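Engineer: Please work out how this folds:
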Amino acid sequence: MHRRGHRKSRNGCIECKRRHMKVSSRGPFAAPATHASTAKFATAANTSPIYTTSPHTETSGTASSAEEGFTPALSPASAPSRSHTTPQTSAPQTPRGGSGVHDADNQDAPVNVTHAELALHFSMATTSPELDTSLVEMGNRVVVREAVKSPFLLYECMAVSARHLSILHPERYDFFMRQSVQLQTKAIAMFNATESVDESNCVASVLFSSILNRHALIDVLANRDGDFFSFVDRFVQSVLLQKGIRVVSKEAWPQLLESDLRPIMKWATPDRETVTVGNHCDELRRLISLTPALDSADKEACRRAIHFLQLAFDNVTNPTPGKSAYQIVYVWGIFLPDEFCALLKSHKPEAIAVMAWYAVLLHQSRDNWQVGDAGVFMLRSIMNYLGPEWAHWLEWPSSVLRDGLH
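Structural biologist: Numbering: from 1, shown residues only. Next up is the predicted model:
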């Protein structure tokens, strides 16, 4: 399986050109917390760079449209630092082939204790808490095997471990966030340097892109910088990244079904056409059908987005045996129609109102470190943006989260 050809872009930012990053003119796969790093294989998905920073960092980038991408302010050189000096990571040379050059090849290289701590901390249970115990154990074995052969996967695993530890140890937040940014930057640079995604590395590539996607969503939900428009734009970018990963997985599907990832891939694929049974979204559906502000195509896009929200509520109410009740919470963006993403991108009030139901789902997942108070933050932001004239649209989400909003 080969990637699509790369066309040189004249639209890359100055920093990317200085760092010799490869940027697609159509908007590439990107590093969530780095400066416009790109990954070649997902240019087929038409994704754009994600603008994300941590809740404690200052931002100077300005958001533009999803087609143009964003200008991230946080880079390894500008990652947060308070009163202590954060050691630099000892990153290996960027590989130029499927396996590339690895620190392990240098028998005289010093042992990086921080890297060892991060590698040992990693678990699929931390990255994908919706997986059951047997799939976590199997996934951990596959990750260890593939990460040794494909260092880009190892570095992203360490990056998301550092992100988790920044939450577990707030007194060392700056240190772990710096590690997370540096390691993620290096992981994407390594992946960009690979020549192709084929049978030898498709498992590592899909694991890498999936973990990177979850890492991006974590950062988007945690980010409180900028106004509500900035938050929505960042969320749309994370959705585009999710959809890009789905394209990659689909292209590699035959190889994946013959790999050790088969159980996870089958488990993690919800049925798009499952009939909903709950009534959590009935009023929202009614309002969408009655509004004169949307044409028929836009209404259908909203209905499809609402369909998967109701599926998620159904799963929470009556969990399917062997499935996580909150699985769709983390992958809702994969199933959003492009037309709905366009409505969000243009800040259409009706589409923003639909997000209020997603905020409820997030709030129900608040005990997960990846979510926290994101649901309350999102709903409060939606209410402030839409104003009191939209109160009848938001009556149900507001009633569910009433205690958290006050």
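Engineer: Spell out the residue ranges of the helices in the stretch 201-350 of the chain.
Structural biologist: 202-222, 228-251, 253-257, 262-267, 282-290, 296-317, 327-331, 338-345, 349-364 (DSSP state H, counting those that start in this stretch).
Engineer: and the nearest residue to residue 245 once chain neighbours are set aside, how many residues sit next to it?
Structural biologist: Nearest residue to residue 245, sequence neighbours excluded (C-beta to C-beta, 6 or more residues apart in numbering): residue 209, at 4.6 Å. Where you see a C-beta, it was placed from the backbone N, CA and C, and this is true even at glycine. For residue 209, the tally of surrounding residues (other C-beta atoms under 10 Å) stands at 26.
Engineer: Residue 162 versus residue 209, what's the distance?
Structural biologist: Per C-beta to C-beta, to the nearest Å, residue 209 is found 19 Å from residue 162.
Engineer: Kindly report the same for residue 142.
Structural biologist: Distance, residue 142 to residue 162, by C-beta to C-beta: 21 Å.
Engineer: These two: which is more packed in?
Structural biologist: Remark: of residue 142 and residue 162, residue 162 carries more neighbours, 27 against 17, as counted by other C-beta under 10 Å.
Engineer: which strands and helices sit next to the strand or helix carrying the more buried one?
Structural biologist: Using DSSP states H and E, residue 162 maps to helix 151-168. Packing contacts for helix 151-168, counted by 3 or more C-beta pairs under 8 Å, 6 or more residues apart in numbering; DSSP states H and E, involve helix 113-121, helix 124-127, helix 133-149, helix 173-193, helix 202-222.
Engineer: looking at the helices of the stretch 201-350 of the chain, which is closest to residue 370?
Structural biologist: helix 202-222 (4.9 Å; C-beta to C-beta).
Engineer: before we move on, back to that, could I get the helices of the stretch 201-350 of the chain as a markdown table with mean pLDDT?
Structural biologist: Converted to a markdown table, the helices of the stretch 201-350 of the chain look like this (pLDDT from 0 to 100):
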| stretch | mean pLDDT |
| --- | --- |
| helix 202-222 | 92 |
| helix 228-251 | 84 |
| helix 253-257 | 79 |
| helix 262-267 | 81 |
| helix 282-290 | 97 |
| helix 296-317 | 94 |
| helix 327-331 | 84 |
| helix 338-345 | 96 |
| helix 349-364 | 96 |
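Engineer: Go through those helices and name the closest to residue 403.
Structural biologist: The nearest among those, by C-beta to C-beta, is helix 349-364 at 10.1 Å.
Engineer: mind exporting that closest one as PDB, just the C-alpha atoms?
Structural biologist: Extracted in PDB, the C-alpha atoms of helix 349-364 (Å, rounded to 0.1, in the frame of the first residue of the first chain):
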ATOM      1  CA  PRO A 349     -25.900  28.300  15.600                       C
ATOM      2  CA  GLU A 350     -28.000  25.200  14.900                       C
ATOM      3  CA  ALA A 351     -24.800  23.100  14.600                       C
ATOM      4  CA  ILE A 352     -23.400  24.700  17.700                       C
ATOM      5  CA  ALA A 353     -26.600  23.700  19.600                       C
ATOM      6  CA  VAL A 354     -26.100  20.100  18.500                       C
ATOM      7  CA  MET A 355     -22.700  20.200  20.300                       C
ATOM      8  CA  ALA A 356     -24.600  20.800  23.600                       C
ATOM      9  CA  TRP A 357     -25.700  17.200  23.600                       C
ATOM     10  CA  TYR A 358     -22.100  16.100  23.000                       C
ATOM     11  CA  ALA A 359     -21.200  18.200  26.000                       C
ATOM     12  CA  VAL A 360     -23.600  16.100  28.100                       C
ATOM     13  CA  LEU A 361     -21.900  13.000  27.000                       C
ATOM     14  CA  LEU A 362     -18.500  14.400  27.900                       C
ATOM     15  CA  HIS A 363     -19.800  15.400  31.300                       C
ATOM     16  CA  GLN A 364     -21.000  11.800  31.800                       C
END
